[in-house]
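Novice: Build me a model from this:
(one chain, ligands or ions: 2)
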Amino acid sequence: MTISGADAGGTPATAAGPTGLAADATDAIDRLCAVVPDFPSPGIVFRDLTPVFSDARAFRAVVDAVAEPFAGSFDAVAGVEARGFLLAAAVAYATGTGVVTVRKAGKLPRAVYSASYDLEYGQATLELHQSDLPAGARVLVLDDVLATGGTLVAACALLEQAGAVVAGCGVVLELGDLGGRASLAGRNVHALRTV
Ligand SMILES: O=P(O)(O)OC[C@H]1O[C@H](OP(=O)(O)OP(=O)(O)O)[C@H](O)[C@@H]1O
Ligand SMILES: Nc1ncnc2[nH]cnc12
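Specialist: Residues are numbered from 1 along each chain as shown. Ligands and ions are numbered 1, 2, ... in the order given. So this is what the prediction gives:
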């Protein structure tokens, strides 16, 4: 089914409180998230949110809901490469803030801070331009999935190294049995859905 732009509206942020937004988002996640066993390697249960993002109503619900708990507390949004970019750009546009990219190694052309970490299925390095944010900028960090937490721990460390203040971390889906939230102890972490 193709949803036209005019019909793509979900629950307008002004028409429903947090419950309405969160409920719309949770429903969309439960209906549309695909679960793929043994990807990208044996034993991993991969939660694929692309069907959520490709559905106009679901995407709007998720974008509105992931930002809502942090309303008024951030001056910029940081998206973690790559899936976090989808949410961060949308939230930044919707809230009239700037968006910065926390990128995989070797992608940013100017001076960077770097942080390496372990993933559920491998290792990675993230980088942030040293001069993309004004000192003291309050930054909302967004990503699609919280698993072990290594990615968000690294992203927050880079932002603080750059002189920013992390307003919080928002994710669509938290894989509760992988301990990611514990690794972010003390931070303002909000997941739309925990499985
Ligand atoms: O909590 P963690 O154990 O760190 O895992 C969560 C991260 O894993 C995935 O990214 P991935 O590194 O697979 O890159 P991608 O977004 O480019 O697919 C996901 O988008 C999160 O960023
Ligand atoms: N199991 C998983 N599903 C989707 N994204 C992930 N990132 C890290 N672990 C993941």
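
Novice: tell me what the host helix or strand of Ala58 is packed against?
Specialist: If you go by DSSP states H and E, Ala58 is part of helix 56-67. Identification of packing neighbours for helix 56-67 by 3 or more C-beta pairs under 8 Å, 6 or more residues apart in numbering; DSSP states H and E yields helix 18-32, helix 50-54, helix 83-95, strand 165-174, strand 189-194. From N, CA and C alone the C-beta is placed, and that goes for glycine too.

Novice: Let me know which of those is tucked in deepest.
Specialist: Mean neighbour count (mean count of other C-beta atoms under 10 Å) peaks for strand 165-174 among those, with a mean of 23.

Novice: Take that strand, keep the C-alpha atoms, and write them as CSV.
Specialist: The C-alpha trace of strand 165-174 is given here as CSV (Å, rounded to 0.1, in the frame of the first residue of the first chain):
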residue,chain,number,x,y,z
VAL,A,165,27.0,17.7,27.2
VAL,A,166,25.1,14.4,26.5
ALA,A,167,21.4,15.3,27.2
GLY,A,168,20.5,11.6,26.8
CYS,A,169,20.4,8.6,24.6
GLY,A,170,17.3,7.5,22.7
VAL,A,171,16.9,4.2,20.9
VAL,A,172,14.0,2.4,19.2
LEU,A,173,14.7,-1.1,20.5
GLU,A,174,16.6,-2.3,23.5
